[in-house]
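S.K.: coords please:
(2 chains)
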Amino acid sequence: MNARDVILASVRRNLPVPSVPLPDAPSAARQKVLACLGYSGDLHGLPKVQHSPKLEGAAVSNFKKQLEGMGGRSFDVADAAGAQSKVTELFPAAKVVCSAVPEVPGNRRLESGSDPHLLNDVDVGVIRSTLGVAEAGAVWLTQNELVVNALGVLSQHLVVLLDPEAIVETMHDAYDRINLTASPYGVFMAGPSATGDIEGVIIHGAQGARSLTVLLMGRGRGKVKP
Amino acid sequence: MSLPAMIKLKNRPVDPEALAARFIALEKHETTHDRLVWRMRTNRDEAIAGVPDWQELRELASQIKEHTLTHLDDYLEQFEENATKLGTIVHWARDAEEHNATVHEILGSHGVKLLIKSKSMLQEECGMTPYLEKRGIEVTESDLGERIQQLSDEPPSHIVVPAIHKLRSDVAGLFARDLGTDANNSDPHYLTEAMRENARPRFMKADAAMTGANFAVAETGGFVVCTNEGNADIGASVPPVHIASIGIEKLIPRARDLGVFIRMLSRSALGSPITQYTSHFHGPRKGGELHVILVDNTRSERLGSSDFWHGLKCIRCGACMNTCPVYRRSGGLSYGATYSGPIGVITDPGLNLSKYRELPFHSTLCGSCTEVCPVKIDISDQIYKWRRVVAEKGLMRVSKAVGMSALGKVLPHPELFHAGEAAAESALAHTPRFLLYNALNPWGKHREMPAPAPQTFRQWYIANRRAK
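M.R.: Numbers count the residues shown, from 1 in each chain, chains lettered A, B, ... in the order given. Take a look at the predicted model:
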């Protein structure tokens, strides 16, 4: 018997009894609550108007607070020009700006499938995130947005564009909205790289990005989200 | 040394008392360690206060883990099938040796000379690094704390912060010796930057990277790695080959179950709402190769133990260590094992009972570990049960066994106990100091014995209350 069969046989022989049923994940429980309140069907399918604007504002302000707690920072910018000028203002000395978004052109081209080693000299990487999580101050990034995954960790500094409407409250909401198999790599990034390994002193820029800046920029109402 | 002699030495029982004494003797280390580790515990308390449904989450997390473990065969097969569909190459390893040999074979097939790895307790458990180094592969730990431990030739002393038992001055000395930094500069910012500058070229040069995994999702065939430094992500995104070692107990059924565990993991560990990087790997990245090794190494056997299988629910947050009064004072290295703290006490004897027979006694059974565990493992009960196993197998230390056996004879007979009690009080009052404060009486170390009472409680009770 090969290792696989030996292990599986041993697991089967040793399975604890009685077996324990799988509980509902919290999002499913929440849908039940919503159903009691008169909502029906898929939570994702709810039309935008049913979201309370007040709640959404709370998610954004909580996101900003939590992101700060994780060592990141955020700014509201109005449009592409605002994003570009914020990057120039924050990183005046940056030599290499590598951007994966059309709003900020940068000066280093990024090609899908190119050698990640070539990104080791990037001073500022610019990426768009499709999802923010308020309770964690985290942004979701995948290979689709990063183009080359290493951009997210080799860049000395990171700038992330995020639509404030794409911020959800909890990690449960976040996992409800993402499809993990759609990309070989996906990361919830909450602030810059950090360590507390020497006497618990928190230091940013341990191995990955030294700083993480989120630019909150609406995509304009009326436009269809991709 | 002959092989049997080496095996004997390797299995020699660890003496946590002696190892702890060594740490306690370093007074500044002990007090700093206690303060830093306790701060993680209080940070955890603050963090969970912000999650109103924390107790429900604990219950849910526990049930999801118990469900998975009672259906583990199905979920392992499901994971394998889905991972393979995504282009991940799945390997299985029965034990440490098979795991290490599999890694070596994969590395060999790519001509790997330099391996960069992020923290993996499983790879520690398997003794992988020395195995690969013996075979000519250079292995670099990329997590700061792990690298400090690697340079010190010590195992991690904590599963989340591996070098927490060291002072900044220790790290300054180590880095001056090995990385060429200024020995007089012990600023953690300076030292962390030195490590960054040293590690980056190694990431660039490495032929392959290794990680562990915090969770493996059966439904999707992917796995999740949580770090604060982002070192696992650099490893996974720069060198062409990524190998992940995953213990079979790391399975969870669904992607949405991650919401439960990710919300709890870092809050329990450090008190932050999430680790800086929560990274999901589903198949190889564009132009890369991804291997997963599913490792048993006694786990399936433990599944069959009704007393101890719940220990497999562990998500390695370290909350039990941070709250443990024995761990905080004696340091992680006093356990002489891969896993330290309360979770180590109930894990290590399962890996090697003879070697770790003393660990279940390295505890006060105060139960705090059980209270803070995010997946509701009955840690303190298991510590007590391991004591019983040690006693039943005749592995208890003679001094303890004699005392226990005497107690066993005296306690069922009240008249014997009362006579002994009174005699002891009287004896204590008239015993010369050298008989009380000597090497044979550990209770006489670091403390004065309390002054004996003029009478026992029973004598007092009979004289004062019984008549009324």
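S.K.: how about the helices in chain A?
M.R.: A:3-14, A:26-36, A:53-69, A:80-90, A:143-146, A:151-154, A:171-177 (DSSP state H).
S.K.: Output the contacting helices and strands for the first one.
M.R.: Which is helix A:3-14. helix B:72-85, strand B:89-93, helix B:299-303 (3 or more Cβ pairs under 8 Å, 6 or more residues apart in numbering or on different chains; DSSP states H and E). Just so you know, the C-beta spots here come from the backbone N, C-alpha and C atoms, and that holds for glycine as well.
S.K.: In TSV: those, plus distance to B:Lys376, mean pLDDT and mean neighbour count.
M.R.: TSV is the format used below for these (distance: least, Cβ to Cβ, whole Å; pLDDT from 0 to 100; neighbours: other Cβ atoms under 10 Å in any protein chain shown):
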stretch	distance to B:Lys376	mean pLDDT	mean neighbour count
helix B:72-85	18	98	19
strand B:89-93	29	98	20
helix B:299-303	17	98	22
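S.K.: Name the residue of the stretch 301-450 of chain B that lies nearest to chain A.
M.R.: B:Gly304 (3.1 Å; Cβ to the nearest Cβ).
S.K.: That residue against A:Val11, yeah?
M.R.: No: using Cβ atoms under 8 Å as the test, B:Gly304 is too far from A:Val11 to be in contact (9.2 Å).
S.K.: of these two, who's got more company?
M.R.: Neighbours around B:Gly304 and A:Val11, counted as other Cβ atoms under 10 Å in any protein chain shown, are more numerous at A:Val11. The numbers are 24 against 14.
S.K.: ok now do the more buried one, which residues does it touch?
M.R.: B:Leu72, B:Asp73, B:Leu76, B:Ile248, B:Ser300, B:Leu303 (Cβ atoms under 8 Å, 6 or more residues apart in numbering or on different chains).
S.K.: How about B:Asp257?
M.R.: Per Cβ under 8 Å, 6+ apart, neighbours of B:Asp257: A:Ala25, B:Ile64, B:Val217.
S.K.: ok so, going back, for the contacts of A:Val11, which two are the farthest from each other?
M.R.: Across these, no pair lies farther apart than B:Leu76 and B:Leu303, at 11.6 Å, counting by Cβ to Cβ.
S.K.: tell me the pLDDT at A:Val96?
M.R.: Listed pLDDT for A:Val96 reads 98.
S.K.: That one against A:Asp123, yeah?
M.R.: Yes: counting by Cβ under 8 Å, A:Asp123 is a contact partner of A:Val96 at 5.0 Å.
S.K.: what's the closest non-adjacent residue to the residue nearest to the spatial centre of chain B?
M.R.: Central residue of chain B (Cα atoms, centre = their mean): B:Tyr339, 2.9 Å from the mean position. On the basis of Cβ to Cβ, 6 or more residues apart in numbering or on different chains, the spatially nearest residue to B:Tyr339 that is not a chain neighbour turns out to be B:Thr347, at 4.6 Å.
S.K.: by contact count, what packs against the helix or strand containing that neighbour?
M.R.: Assigned by DSSP states H and E, B:Thr347 falls within helix B:341-351. Judged by 3+ Cβ pairs under 8 Å, 6+ apart, the packing partners of helix B:341-351 are helix B:319-323, helix B:368-372, helix B:379-392.
S.K.: Comparing those helices, which comes out most buried?
M.R.: The highest mean neighbour count among the helices and strands packed on helix B:341-351, using mean count of other Cβ atoms under 10 Å in any protein chain shown, belongs to helix B:319-323: a mean of 29.
S.K.: Quick check: bridge partners of the most centrally placed residue in chain A?
M.R.: Nearest residue to the geometric centre of chain A (Cα atoms, centre = their mean): A:Trp140, 1.5 Å. Counting by DSSP bridges, A:Trp140 is bridged to A:Leu131, A:Phe188.
S.K.: From B:Ala453, how far off is it?
M.R.: A:Trp140 is 66 Å from B:Ala453, where distance means Cβ to Cβ, to the nearest Å.
S.K.: for A:Ala83, same thing?
M.R.: Relative to B:Ala453, and taking Cβ to Cβ, A:Ala83 is found at 77 Å.
S.K.: same deal with B:Asp95?
M.R.: Taken as Cβ to Cβ, the span from B:Asp95 to B:Ala453 is 56 Å.
S.K.: Next: A:Val11.
M.R.: Relative to B:Ala453, and taking Cβ to Cβ, A:Val11 is found at 57 Å.
S.K.: can you check B:Thr102 too?
M.R.: 64 Å.
S.K.: These two: which has the busier surroundings?
M.R.: Taking neighbours as other Cβ under 10 Å, B:Thr102 and B:Ala453 compare with B:Thr102 leading, 19 against 12.
S.K.: wouldn't that one be in contact with B:Ile293 here?
M.R.: Yes: B:Thr102 is in contact with B:Ile293 according to Cβ under 8 Å; the separation is 5.5 Å.
S.K.: any common contacting residues for those two?
M.R.: Common neighbours of B:Thr102 and B:Ile293 (Cβ under 8 Å, 6+ apart) are B:His91, B:Ala93.
S.K.: How about the contacts made by the residue of the stretch 301-450 of chain B closest to chain A?
M.R.: Each residue near B:Gly304 by Cβ under 8 Å, 6+ apart is listed here: A:Arg13, A:Asn14, A:Leu15, A:Pro16.
S.K.: tell me the pLDDT at the third one?
M.R.: The predicted local distance difference test score for A:Leu15 is 98.
S.K.: Kindly report the domain assignment for chain B.
M.R.: According to automatic domain parsing, chain B comprises the domains B:51-166+B:207-301, B:414-466.
S.K.: hang on, the earlier thing: between the helices of chain A, which one is closest to A:Ala134.
M.R.: helix A:53-69 (4.1 Å).
S.K.: where does the closest one sit relative to the chain's centre, distance-wise?
M.R.: Relative to the centre of its chain, helix A:53-69 is centred 15 Å away, using Cα atoms, centre = their mean, to the nearest Å.
S.K.: so for the strand or helix carrying B:Pro201, what's the average pLDDT?
M.R.: Applying DSSP H and E as the criterion places B:Pro201 in helix B:188-205. In this model, helix B:188-205 carries a mean pLDDT of 97.
S.K.: State which helix of chain B is the longest.
M.R.: Looking across chain B with DSSP H, the single longest helix is helix B:27-49.
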